[in-house]
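Asker: coords please:
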Amino acid sequence: MSNASAPASVVGRKGVTVRDFQSTGRGLCAARPFRSGEVVLRCPRDLLWSVEAAAREPVLGEILSAKGTHLSTDDTLVVFLLFVKHSPRCHQPPDSPRRTHIATGVPTRYTASVFFSRDDLAVCAGSSLHFTTLRLLGQIAEDYRDLVAGLFAIHPEVFPLDRFTLDEYKWALFSVWSRAMDFHTPDGMHVRAIAPFLDLANHSFDVPQCHAYDPSTGSIQIMAGKDYRKGDQIFINYGPVGNAKLLRLYGFVMPQNPHDTYDLVLYTDPSAPMYEAKLNFFRLVGLDAHVTIPMSLADPLPASVLQYLRIQRMSPSDVEKAVAASSSADSSTPAVASRRLSAESEREILAALEDSFSELLAQFTHSADVLEARIADGTYAAGTDAFGAATVALSEQQILAAARNRVRALLRLVVCACCGKTDESAKRCARCGNVVYCDRECQVKDWPSHKQACKTTTTGN
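Answerer: Take a look at the predicted model:
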């Protein structure tokens, strides 16, 4: 596919070429200098792969507009791609822009996690990527069966099943997921489309978002996100995306990705005691009964995690006290709803969190130490599927370990370092502030054990 070239109607095509780069593979290369903000390429509406364009396509448009045909945006784009590639009822000539784009511009295979071998996917066993990929494989197969029953089998002369196979459906689906651009217009419209030639632009966090949709013309354009010299690769920014999503949808990972997260899912069943009151408190602090909270190395234990669990564990008397306190003119309702209930309740919450994080870490087939060693010695060589899987699994373990360490630090501020009891009147060590004691007696008794850590912490501070 190295012979990919821009259609004649793409504005700016003479200033950009296609080149294989060592770090990213095929991408767009500046054939001349560009200044930051300058328009590099513009793809007109008629060239876009979009729902609107699919509706205009002879034969296909009539089928899609027929009563009873209801496809999602992604499935419409998938069917559009496959129709142009395989349908005997598509009469576009071989050198048409769309068929040329498929033949020279769209990859023949993808490296997203659903295409991994069983062994390579097993490298990240225990990670959210592993779970999501297995679930996605089942969902893709189910969606394909639905598409066969609801569309392909009804029009076999247009969608012959020996060409419109599951493998081809997966190819088209990942062509959409990895190459389509999304935009929201000022009037609230959502636009999702593939722009030929522009879709060769690779991702970098070093440039701002620099691709845009022009509602007045229906075109998509790429601007220079920074100054480029002749020979530089031209990038766009896919957004603040972590490696798990990059590997799942696009088939690559970014070293030291600052947007890596472990998504912690918290849920309260509607049958739980005082559910309606707790749901109200959840919403007062910007949460809900079912939430996903991203944890990162920069913030391994977001305040919202403890806010949620404190509300979830409220007893009927706790709820009554919170309602009464929130009615006071001197109280902030959100603060009352999520504040610490008691030392013992806090201990139970933190202990349960510590156990949960330990259980999640134990589910990984390969520990962080093993993954780091295999990446370092080249067992999982950079650029391979195993390397991507290992990178994601390592990052998630690092985040979970950091979250567990934070929980343990908070536990030391709730449980007496000497006797292990919880006491509302416990006081912090005045020197380091990292542990608490029931009373002076416990502090003196624990000093021989605590002394070195206390002095080290104080010196570090």
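
Asker: okay, strands next: where are they in the protein?
Answerer: Under the criterion DSSP state E, the chain contains strands at 16-21, 25-30, 39-43, 181-184, 190-193, 202-203, 211-214, 219-223, 233-236, 262-267, 290-295, 427-428, 436-437.

Asker: counting neighbours, what do you get for S449?
Answerer: A count of neighbours around S449, defined by other Cβ atoms under 10 Å, yields 11. Quick note: C-beta positions are derived from backbone N, CA and C, even for glycine.

Asker: list the residues that contact it.
Answerer: A417 (Cβ atoms under 8 Å, 6 or more residues apart in numbering).

Asker: could you do the one 5 residues further on as well?
Answerer: For C454, the contacting residues are 429, 431-432, 434, taking Cβ under 8 Å, 6+ apart as the criterion.

Asker: over to M181?
Answerer: Counting by Cβ under 8 Å, 6+ apart, M181 touches 192-195, 198-199, 211, 213, 220.

Asker: what about 7 Å?
Answerer: Taking Cβ atoms under 7 Å, 6 or more residues apart in numbering, we find M181 in contact with 193, 195, 211, 220.

Asker: tell me which two in those are the farthest apart.
Answerer: Across those, the two members that end up farthest from each other (Cβ to Cβ) are A193 and H211, 11.1 Å apart.

Asker: the two: who's more crowded?
Answerer: Applying other Cβ under 10 Å to A193 and H211 shows that A193 carries more neighbours, namely 26 against 19.

Asker: who touches stretch 96-112?
Answerer: Applying Cβ under 7 Å, 6+ apart, the external contacts of stretch 96-112 come out as 1, 3-4, 7, 47, 81, 84-85, 92, 174-175, 178, 196-197, 200, 247-251, 385.

Asker: could you export it as CSV, CA atoms only?
Answerer: Only the C-alpha atoms of stretch 96-112 are listed here, as CSV (Å, rounded to 0.1, in the frame of the first residue of the first chain):
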residue,chain,number,x,y,z
SER,A,96,-12.9,5.5,-8.7
PRO,A,97,-11.7,7.4,-5.6
ARG,A,98,-13.5,5.1,-3.3
ARG,A,99,-12.2,1.8,-4.8
THR,A,100,-8.8,3.4,-5.1
HIS,A,101,-8.9,4.3,-1.4
ILE,A,102,-9.8,0.7,-0.4
ALA,A,103,-7.1,-0.7,-2.7
THR,A,104,-4.2,1.5,-1.7
GLY,A,105,-5.2,3.6,1.3
VAL,A,106,-6.9,1.2,3.7
PRO,A,107,-4.8,-1.5,5.4
THR,A,108,-5.5,-5.1,4.5
ARG,A,109,-5.1,-6.2,8.1
TYR,A,110,-5.1,-4.6,11.6
THR,A,111,-3.1,-5.1,14.8
ALA,A,112,-5.9,-4.3,17.3
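
Asker: can you list the buried residues in it?
Answerer: With burial defined by 16 or more other Cβ atoms under 10 Å, the residues of stretch 96-112 counted as buried are 97-98, 100-102, 105-106, 110-112.

Asker: check stretch 234-245 too.
Answerer: 234-238, 241-245.

Asker: average pLDDT for the helix of greatest length in the chain?
Answerer: With secondary structure taken from DSSP state H, the chain has its longest helix at helix 385-411. Predicted confidence along helix 385-411 averages 97 (mean pLDDT).

Asker: that helix vs strand 262-267, what angle?
Answerer: In this structure, helix 385-411 runs at an angle of 60 degrees to strand 262-267, with axes from the mean of the first three to the mean of the last three Cα atoms, to 10 degrees as the basis.

Asker: which intervals of the stretch 301-450 of the chain have sub-threshold pLDDT?
Answerer: Scanning the stretch 301-450 of the chain for pLDDT under 70 picks out 326-338.

Asker: let's see 50
Answerer: Under the criterion pLDDT under 50, the flagged ranges of the stretch 301-450 of the chain are 329.

Asker: G218 and L47, how far apart?
Answerer: Between G218 and L47 the distance, using Cβ to Cβ, to the nearest Å, works out to 10 Å.

Asker: higher neighbour count, these two?
Answerer: Using other Cβ under 10 Å as the criterion, G218 and L47 rank with L47 on top: 24 against 17.

Asker: quick one: which of the contacts of M181 is nearest V392?
Answerer: For V392, the closest of the contacts of M181 turns out to be H211, at 25.8 Å, with distances computed as Cβ to Cβ.

Asker: pretty sure that closest one contacts I222?
Answerer: Yes. Contact status for H211 versus I222: in contact at 4.9 Å, counting by Cβ atoms under 7 Å.

Asker: how about F152: what's its closest non-neighbour residue?
Answerer: Counting by Cβ to Cβ, 6 or more residues apart in numbering, F152 lies nearest to F159, which is 4.0 Å off, once chain neighbours are set aside.

Asker: apologies, that question was intended for C419.
Answerer: Here the nearest residue to C419 in space, its sequence neighbours aside, is C442; by Cβ to Cβ, 6+ apart that works out to 5.7 Å.

Asker: my read is that that neighbour contacts K421, right?
Answerer: No. Taking contacts as Cβ under 7 Å, C442 lies outside contact range of K421: 8.7 Å.

Asker: neighbour-wise, which of these two wins?
Answerer: In this view C442 and K421 are compared by other Cβ under 10 Å, and C442 has more residues nearby, 20 against 14.

Asker: surely H190 touches H184?
Answerer: Yes. Counting by Cβ under 7 Å, a contact exists between H190 and H184, whose distance comes to 5.8 Å.

Asker: what's in contact with stretch 56-75?
Answerer: Outside of stretch 56-75, the residues that reach it under the criterion Cβ under 7 Å, 6+ apart are 51, 54-55, 76, 79-80, 83, 89, 91, 147, 151, 155, 158, 176, 192.

Asker: shaky segments in the stretch 1-150 of the chain?
Answerer: Low-confidence segments of the stretch 1-150 of the chain, defined by pLDDT under 50, span residues 1-2.

Asker: do you have the helices of it handy? List them.
Answerer: Per DSSP state H, counting those that start in this stretch, the stretch 1-150 of the chain has helices spanning 51-56, 60-65, 73-86, 97-100, 118-122, 128-147. These are given in chain order.

Asker: which parts of the first one are buried?
Answerer: This points to helix 51-56. Taking 16+ other Cβ under 10 Å as the neighbour-count basis, helix 51-56 is seen to contain the buried residues 51, 53-54.

Asker: check the second one too.
Answerer: Buried positions in helix 60-65, judged by neighbour count with 16+ other Cβ under 10 Å: 60, 63-64.
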